[in-house]
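Novice: quick one: sequence plus predicted model below, questions after.
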Amino acid sequence: MKRLLALAACMLLLGARDPILVPEISQHEVQVRQGFTGADLLLFGAILSPEGSRAAQDYDIVVVLEGPVQSIVLREKQKIAGMWINADSMEFRSAPSYFAVASSRPIEKIVDDKTAAIYELGLQWLQLSPIGVIDPKEQRRFSAGLVDLMRREGFYREDQGAVKISGQVLYQARMSLPSSVQIGTYTAETFAIRNGKVVASAITRVEVTKQGFERFVTVTAEEHGLIYGLFAVLVSVGMGWIAGRLFALV
């Protein structure tokens, strides 16, 4: 009898072990060339038991795709005497250039606010760090303004219900990169959640690179600033001269 109880306890412990996520992405490199109009990424994978078989329980899946961080200065405009001028401003030292969240259900039905904030599972829980000592109320106002601006420009996205789970094993979600996407390494982190707790996570990455003439311009600007400046001046002068000749012939 004791052996049976011990075996049953072991089976319960094995069944309670955390699942394993095996994430993948449709393309690990996105090449930005002339005429680039954006890219659609398929993020997919499997939810497996520690033994490599089908997971025995249901899990919610949240996928967060984050681009390279950058320093952003957000300026607030005010209308004074009929003119729009820059008023207050705030600089964020490490704001994601791209941030997208896809989930199998609405986030508020999957985790509580504390867990969502810890893992940044949504735009309202995105942690933005301003430079300097800032009043908390002003920080919240500017942070909300930055998120709204980036959302309207297509750099920040949130799609609740976009993750599809098949047979408790396979999941998939589609995310789009805009045409003006920043080059660099993008990190896709997948979270398996059950009963409001993150029980497993896994990371995959995609590189966004510039190719062709765009790459030449970028590399020249970064590594040979003087040459790039002279080239830009010559191009401007040349275009101005051609425009002048064309108007003279009309």
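Specialist: Received, thanks.

Novice: now the strands for this protein?
Specialist: For the chain, applying DSSP state E gives strands covering 20-25, 29-32, 39-48, 60-66, 69-80, 83-96, 99-103, 156-160, 164-166, 170-177, 184-194, 197-210.

Novice: in the third one, which residues are buried?
Specialist: Okay, so that is strand 39-48. Using 16 or more other CB atoms under 10 Å as the test for burial, strand 39-48 gives 39, 41, 43-48. Using the backbone N, CA and C atoms, a C-beta is placed for each residue, glycine as well.

Novice: of those residues, closest to A116?
Specialist: Nearest to A116 among the buried residues of strand 39-48, counting by CB to CB, is L43 at 19.5 Å.

Novice: my guess is that closest one meets A173, correct?
Specialist: Yes: between L43 and A173 there is a contact under CB atoms under 8 Å: 5.1 Å.

Novice: okay, and the common contacts of the two?
Specialist: 63, 102 (CB atoms under 8 Å, 6 or more residues apart in numbering).

Novice: output stretch 141-151 as CSV, nothing but the C-alphas.
Specialist: Extracted in CSV, the C-alpha atoms of stretch 141-151 (Å, rounded to 0.1, in the frame of the first residue of the first chain):
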residue,chain,number,x,y,z
ARG,A,141,1.6,61.4,-18.7
PHE,A,142,4.6,61.4,-21.0
SER,A,143,4.9,57.6,-21.0
ALA,A,144,1.3,57.3,-22.1
GLY,A,145,1.9,59.9,-24.8
LEU,A,146,4.9,58.1,-26.1
VAL,A,147,3.1,54.8,-26.2
ASP,A,148,0.1,56.4,-28.0
LEU,A,149,2.5,58.1,-30.6
MET,A,150,4.4,54.8,-31.3
ARG,A,151,1.1,52.9,-31.6
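
Novice: looking only at pLDDT, what's the mean for it?
Specialist: Stretch 141-151 carries an average pLDDT of 92.

Novice: not counting it itself, show me its contacts.
Specialist: 72, 74, 76, 90, 92, 95, 99, 123-124, 126, 128, 130, 156-158.

Novice: reformat the strands of the chain as a markdown table; add mean pLDDT and distance to R140.
Specialist: Formatted as a markdown table, the strands of the chain follow (pLDDT from 0 to 100; distance: least, CB to CB, whole Å):
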| stretch | mean pLDDT | distance to R140 |
| --- | --- | --- |
| strand 20-25 | 93 | 33 |
| strand 29-32 | 92 | 34 |
| strand 39-48 | 94 | 31 |
| strand 60-66 | 97 | 21 |
| strand 69-80 | 80 | 13 |
| strand 83-96 | 80 | 11 |
| strand 99-103 | 97 | 18 |
| strand 156-160 | 94 | 16 |
| strand 164-166 | 94 | 34 |
| strand 170-177 | 95 | 27 |
| strand 184-194 | 96 | 25 |
| strand 197-210 | 94 | 25 |
